[in-house]
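Engineer: structure, please.
(chains A, B, C and D)
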There are 2 protein chains.
Amino acid sequence: MADKTRDPVLDSVWLAERRPASAGHVALSREAIVRAAVEELDAHGLAALSMRKLATRLGVAPMSLYWHVPTKDAVLELALDEVLGEVGPPDLDRAWTDALRGLMSHFRQLFHRHTWLPHLQGLYPNIGPNAVGLAESVLAVLVGTGLSQVESSRAASTLMSFVTGFASSEVRWAEQSSPAGQPDPAWIAVLVERYRERFPLFTSQFVLTELWEADAQFDHGLDCVLAGLETRTGQPHR
Amino acid sequence: MADKTRDPVLDSVWLAERRPASAGHVALSREAIVRAAVEELDAHGLAALSMRKLATRLGVAPMSLYWHVPTKDAVLELALDEVLGEVGPPDLDRAWTDALRGLMSHFRQLFHRHTWLPHLQGLYPNIGPNAVGLAESVLAVLVGTGLSQVESSRAASTLMSFVTGFASSEVRWAEQSSPAGQPDPAWIAVLVERYRERFPLFTSQFVLTELWEADAQFDHGLDCVLAGLETRTGQPHR
DNA sequence: GGCCATCTCGTACGGTGTACGGCAGTCGTA
DNA sequence: TACGACTGCCGTACACCGTACGAGATGGCC
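Structural biologist: Now for the predicted structure:
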């Protein structure tokens, strides 16, 4: 589905008209469907979500969903934006770097809570209210430093790119690591064995235990981006 | 498919044994399948790729593919790594920032050539030879600056995170823009109309034509990350 | 010739998204 | 009160998917 001849943005749920709201009773609603979808995704992942299972979870026949929602893709698009709403507004009283750090950290946590998120990130244009709200938050902080609008936009794009890229690959690796964070030694051994001569730098990474600290890795990267931004703002770091 | 009960990494093609190579003639091979898959993906996108169509393209019955390849996911994993091989080795004679710029620029171009790439990026652990080779290249440049291994790894992660994040969202937007780069004015109008009061900073971005220059945006972001890196290396920028 | 490994394929199963039309209930109007 | 129109729910059906299973074809080696 996700493609076919469907235009990725002109068919976006966010651009289509919503069905006129009813006066009478409900028993089912777009909101309930999206909520159930998020639960199902959190519990069983993207591949396990089907319209039939979703309907079952809601105690309803499969085709009933299609009154409230035009297509399965729409459900996913709505679910994506739904969780993006969990990032709160920025704290504009703190230093701009700290405000951004807070925002980005919350954003990253989303990927941990909803590990299906990276799988959707590349699929839809993010133009839902919560996605846009997040962008607005980031921009607000940056504009507050005195940066021009163009510079702020560029900085926001850079920041968000880093965090989505980082979180996506982080989740991918975390999916097959022990809770403590170390990867499974069994396949690490296979990997190292296979690549040792050809890729010595890559394989020798696996013995550096500092690198398993994902939080430190993230902070390091974020600090780096912020430091780079700073060379353009002239504002003091930290 | 992509999930089910499948473990994302222990079932990776790269960790499984390959079928012993044959002596006799071939008529079909893993390599041919992967090549055809990339062609099909380039031409019609991820959603349009099915094992049946792939088989048709190869002039073969659907189930014949399964001798050379364990599953459809494996095909996608192989296709992903295949195109990653298009990024050449780094030019170690240039300044380290320029070497990285070259590498990252090639990497970004991959996403333009193969727009299905972001859809796969979040799905599999990238442990194919070409993915690892790319990581090795980046590490080689960084280690060459005198950075420690840990610092180099961190820097590489930051860099790659930015580029994948940037390229993914870039492709998502590009998919529904005119070749010249401007987005479709029709839905822009809808978007602006809907969000004007709530998200003034976001909506006002659309009139800033400088922001349509994706290349400039990318260079800006990359420069920013490199500048941040530099504050740690002590090496001169540019 | 006989055997075995390699490779191709036909059939079939259980799943998917969703088009289409039917049906029950509610509401606005007369 | 009668009656359409509309809202919301759903049963059936279709085309398509990934792939398990086992049969058959082909070739090299003893």
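Engineer: and the pLDDT at residue A:6?
Structural biologist: According to the per-residue confidence, residue A:6 scores 52 in pLDDT.
Engineer: please apply the same query to the one 10 residues further on.
Structural biologist: Model confidence at residue A:16, expressed as pLDDT, equals 84.
Engineer: make sure it is actually in contact with residue A:71.
Structural biologist: No - in this structure residue A:16 lies outside contact range of residue A:71 using C-beta atoms under 8 Å: 10.2 Å. To be clear about C-beta, it is placed using only N, CA and C from the backbone, and glycine gets the same treatment.
Engineer: and those two? Which one has more around it.
Structural biologist: When residue A:16 and residue A:71 are compared for neighbours, residue A:71 comes out ahead with 16 against 12, by other C-beta atoms under 10 Å in any protein chain shown.
Engineer: roughly how far apart are the more buried one and DNA strand D?
Structural biologist: In this structure, residue A:71 and DNA strand D are separated by 14 Å, where distance is defined by C-beta to the nearest atom of the strand, to the nearest Å.
Engineer: need the pLDDT of that residue.
Structural biologist: 96.
Engineer: which parts of chain A are helices?
Structural biologist: Counting by DSSP state H, the segments of chain A that form helices are A:30-44, A:51-57, A:65-68, A:72-84, A:96-113, A:117-121, A:129-143, A:149-174, A:185-195, A:200-204, A:214-233.
Engineer: report how many residues lie close to residue A:70.
Structural biologist: Look at residue A:70: counted by other C-beta under 10 Å, it has 13 neighbours.
Engineer: a markdown table for the helices of chain A, including mean neighbour count?
Structural biologist: As requested, the helices of chain A are exported to a markdown table (neighbours: other C-beta atoms under 10 Å in any protein chain shown):
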| stretch | mean neighbour count |
| --- | --- |
| helix A:30-44 | 18 |
| helix A:51-57 | 16 |
| helix A:65-68 | 16 |
| helix A:72-84 | 22 |
| helix A:96-113 | 18 |
| helix A:117-121 | 23 |
| helix A:129-143 | 22 |
| helix A:149-174 | 23 |
| helix A:185-195 | 15 |
| helix A:200-204 | 18 |
| helix A:214-233 | 20 |
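Engineer: give me the nearest residue to residue A:13, chain neighbours excluded.
Structural biologist: Here the nearest residue to residue A:13 in space, its sequence neighbours aside, is residue A:74; by C-beta to C-beta, 6 or more residues apart in numbering or on different chains that works out to 4.3 Å.
Engineer: what's the answer for residue A:196, then?
Structural biologist: Distances taken as C-beta to C-beta, 6+ apart put residue A:203 closest to residue A:196, at 5.2 Å, once the chain neighbours are dropped.
Engineer: surely the one you found and residue A:190 touch.
Structural biologist: No - Residue A:203 is not in contact with residue A:190 according to C-beta under 8 Å; the separation is 11.2 Å.
Engineer: low-confidence ranges in chain A?
Structural biologist: A:1-10, A:21-26, A:176-182, A:233-238 (pLDDT under 70).
Engineer: tell me the contacts of residue A:78?
Structural biologist: Contacts for residue A:78 (C-beta atoms under 8 Å, 6 or more residues apart in numbering or on different chains) come out as A:13, A:30, A:33, A:34, A:37, A:69, A:128.
Engineer: which members of those are the farthest-apart pair?
Structural biologist: Of all pairs drawn from the contacts of residue A:78, the one with the longest distance (C-beta to C-beta) is A:33 and A:128, at 15.1 Å.
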